[in-house]
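> I need the structure of the sequence given here:
(one chain, ligands or ions: 1)
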Amino acid sequence: MTSELITDIGELSTFAGHEDRRANAALVIDNGRIAWIGDAEHPPVADVRTSVGGRAVLPGWVDSHSHLVFAGDRSAEFEARMAGTKYAAGGISTTVNATRAATDAQLESNLRALRDEARAQGTTFLETKTGYGLDVETERRSAEIASRGADVVTFLGAHLVPEGISARDYLDLVTGPMLAAVRPWVSFMDVFCERGAFDVEQSREVLLAGRAAGLGLRVHGNQLGHGGGVALAVELGAASVDHCNYLTPADFDALAASDTVATVLPACDLSTREPLAPARALLDAGITVAIATNCNPGTSYTTSMQFCIATAVLQMHLTVEEAVRAATRGGARALGRDSGVDAVGSLRVGGRADLQVLDAPSISHIAYRPGVPLTAATWLLGQRVPT
Ligand code: NIG
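Next up, the predicted model:
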């Protein structure tokens, strides 16, 4: 393996917990890992020297919430929404019908295209979910296909009760044969705890079955109205509760006293015309926040973490550094991957060399130049991602 010195860095952001942003730094990649970080004036010897010409270097994005196993298009639904129709969970069934009808090859090719689109924009670690199959066989093949394109796969059989089955029978299916069928490929259990999807007691049943099967827990909660999703996520020690648009003071208190990450999804909030999640207030309350794309065909059809970060800064009032941390280290925490040898979302000696170079001197340009794709180069486990 060839070691590589990355030098002439305009600003190095590590998000490793100290000196998160520094000038005059360089780093060495060796064998897929960061071998050294230090003063650019005194680098160790390396086989190859790469100058990034004063550009910013930072961890690759950790996109901790996406739904990339799907077929079909919902642009007509989007257009109607932009003309005033309210978003409702029932739109999920449009994608379920298209996904069930698609071949494995079609689903995998769509997933890989979106994954590659994300990578080209700096995403180096990606979670994705099942949830557009909603029968045993389509959920099973969704999980298997997801495992070939994403780093973490979440089982979201409890996305909606599909047509033609009672809620009781569907819960038995999700927590029984469907869970058993997907289990080899998934590491988290998720549930859409929302009016029109699953209530709190149904969600608890789903999550407890996931826990009994050895899975970590995540919750879609408080997206379309106030409800018990956040409280349930905290009660069961979920790694993350995602959306968080409608929060009560009790929800803030519960999150602040817990290790559950509040994952905000700015592009989804804009596309569904829901109030923006209160990310500023969450951080002010001492709650860990993650930012993710929620890429899916219904509510958030973007792979752009940069768009989400810019929105979090410009409209949710996070500082640039807070938003970039939430899109790297925050996402890692939401996936239980922010410490240890397999940590992602930060640059530290001994850690994975998942990093990106911006075509800009500092991370502030992500919000200062909104809409401009700034990722100039990406390294994934020390290897340059072809662009
Ligand atoms: O996270 N909220 C539930 N699930 C997805 C969207 C589902 C859809 O409308 O297709 C989300 O927004």
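> so E144: helix, strand or coil?
At E144 the chain is in helix, as set by DSSP: H, G, I helix; E, B strand; the rest coil.
> same check, this time on the one 5 residues further on
At G149, secondary structure determined by three-state DSSP is coil.
> now do the contacts for it.
68, 108, 111-112, 115, 126, 128 (C-beta atoms under 8 Å, 6 or more residues apart in numbering). C-beta: built from backbone N, CA, C; applies to glycine.
> mark which of these are buried, thanks.
If you count burial by 16 or more other C-beta atoms under 10 Å, the buried members of the contacts of G149 come out as 68, 108, 111, 115, 126, 128.
> and the contacts of G149, which is closest to A327?
L126 (12.4 Å; C-beta to C-beta).
> sorry, back to before: can you say which two of the contacts of G149 are spatially most distant?
Among the contacts of G149, E108 and L126 lie farthest apart (C-beta to C-beta), at 14.6 Å.
> now the closest residue to A167 other than its chain neighbours: which helix or strand?
Once flanking residues are discounted, A167 sits nearest to V161: 4.9 Å by C-beta to C-beta, 6 or more residues apart in numbering. For V161, there is no helix or strand it lies in under DSSP states H and E.
> list the contacts of V161.
Taking C-beta under 8 Å, 6+ apart as the definition, contacts of V161 comprise 167, 170, 197-198.
> what segments of the stretch 51-200 of the chain are strands?
Along the stretch 51-200 of the chain, the segments classed as strands by DSSP state E, counting those that start in this stretch run 56-59, 61-63, 123-129, 152-158, 188-193.
> and N97, how many neighbours?
Each residue near N97 was counted by other C-beta atoms under 10 Å, and the total is 14.
> ah, wrong one, I meant A102
Count around A102 with other C-beta under 10 Å applied: 20.
> pLDDT wise, what is the residue lying closest to it once chain neighbours are set aside at?
Distance criterion C-beta to C-beta, 6+ apart; nearest residue to A102, sequence neighbours excluded, is A71 at 3.6 Å. Here, the pLDDT recorded for A71 equals 98.
> burial count for A71?
By the measure other C-beta under 10 Å, the count of residues near A71 is 18.
> equivalent analysis for T293, please.
Using other C-beta under 10 Å: T293 sits among 31 other residues.
> contact partners for it?
By C-beta under 8 Å, 6+ apart, the residues touching T293 are 63, 65-66, 118, 265, 267, 300, 302-305, 308.
> repeat that with 7 Å
T293 makes contacts with 63, 66, 267, 300, 302-305, 308, as judged by C-beta atoms under 7 Å, 6 or more residues apart in numbering.
> give the contact list for F15.
59, 325, 328-329, 345-346.
> hang on, it in a helix?
No: counting by three-state DSSP, F15 is not found in a helix; it is coil.
> name the SS class of the residue of the stretch 201-350 of the chain found nearest the ligand, please.
Nearest to the ligand in the stretch 201-350 of the chain, going by C-beta to the nearest ligand atom, is G298, at a distance of 2.5 Å. G298 carries the three-state label coil when classified by three-state DSSP.
> in stretch 343-351, what's buried?
Within stretch 343-351, the residues scored as buried using 16+ other C-beta under 10 Å are 343-348, 351.
> I meant stretch 16-26, not that one.
So stretch 16-26, judged by 16+ other C-beta under 10 Å, has buried residues 16, 20-22, 25-26.
> over to stretch 106-126?
107-108, 110-111, 114-116, 118-119, 121-126.
> how far is it from where the chain is centred?
On the basis of C-alpha atoms, centre = their mean, to the nearest Å, stretch 106-126 sits 13 Å off its chain's mean C-alpha point.
> then stretch 325-336?
Relative to its chain's centre, stretch 325-336 lies at 8 Å (C-alpha atoms, centre = their mean).
> end to end, how far does it reach?
Length of stretch 325-336, first residue to last, C-alpha to C-alpha, to the nearest Å: 15 Å.
> what sits against the residue nearest to A102?
Counting by C-beta under 7 Å, 6+ apart, A71 has contacts 98-99, 101-102, 106-107, 110.
> skipping its backbone neighbours, what lies nearest D30 in space?
S3 (4.1 Å).
> and that neighbour, how far from the ligand?
S3 sits 41 Å away from the ligand, taking C-beta to the nearest ligand atom, to the nearest Å as the criterion.
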